[in-house]
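Engineer: the amino acid sequence is not available; the structure is as follows:
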């Protein structure tokens with residue numbers, strides 16, 4: 001059991017499934033940061049929810065990068081600055097997708113903005129994991 005947990009959470013790995021699980025945990029951490037900031041900026045800062053989305057998403061990018069680099073993909077082959085540029089490019093794609101989906105869900109389908117963000121984030125998660133694995137942190 002100890003060896004299994006070590007493989008899942010500690011050792012470097014190229015296993016797509018282990019990386020997917022780790023990315024779920026790191027993405028989950030970044031999502032919590034994003035979601036809390038989105039809520040606080042919108043509800044207590046009285047900022048329009050799509051503007052809050054932009055600010056919160058930007059902050060969560062940094063959280064997700066560092067967790068992904070050291071915990072998920074254990075990638076030290078490239079310089080952090082090169083990886084961050086690639087990661088930021090993927091995050092920009094994710095941001096555009098997130099923004100468009102939330103806009104669609106809140107303006108067309110008329111979902112509450114928090115529910116719209118949860119659904120959009122789940123879809124963006126899959127796209128981001130795939131792009132980061134193949135582009136940002138590939139070996």
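Structural biologist: Cool, the structure landed. What you see is a predicted model, and the numbers here were worked out from it, not measured in a lab.

Engineer: from now on I want contacts and neighbour counts done on CA atoms only, so please keep to that.
Structural biologist: Noted.

Engineer: for stretch 112-119, list every residue counted as buried.
Structural biologist: 113, 116-117 (16 or more other C-alpha atoms under 10 Å).

Engineer: over to stretch 2-15?
Structural biologist: Buried, per 16+ other C-alpha under 10 Å, within stretch 2-15: 8-9, 12-13.

Engineer: and those, which is closest to residue 26?
Structural biologist: Nearest to residue 26 among those, counting by C-alpha to C-alpha, is residue 9 at 11.3 Å.

Engineer: still on that earlier bit, out of the buried residues of stretch 112-119, flag the one nearest to residue 65.
Structural biologist: The closest of the buried residues of stretch 112-119, once distances to residue 65 are taken by C-alpha to C-alpha, is residue 117, at 20.1 Å.

Engineer: OK, contacts around that closest one?
Structural biologist: 98, 102 (C-alpha atoms under 8 Å, 6 or more residues apart in numbering).
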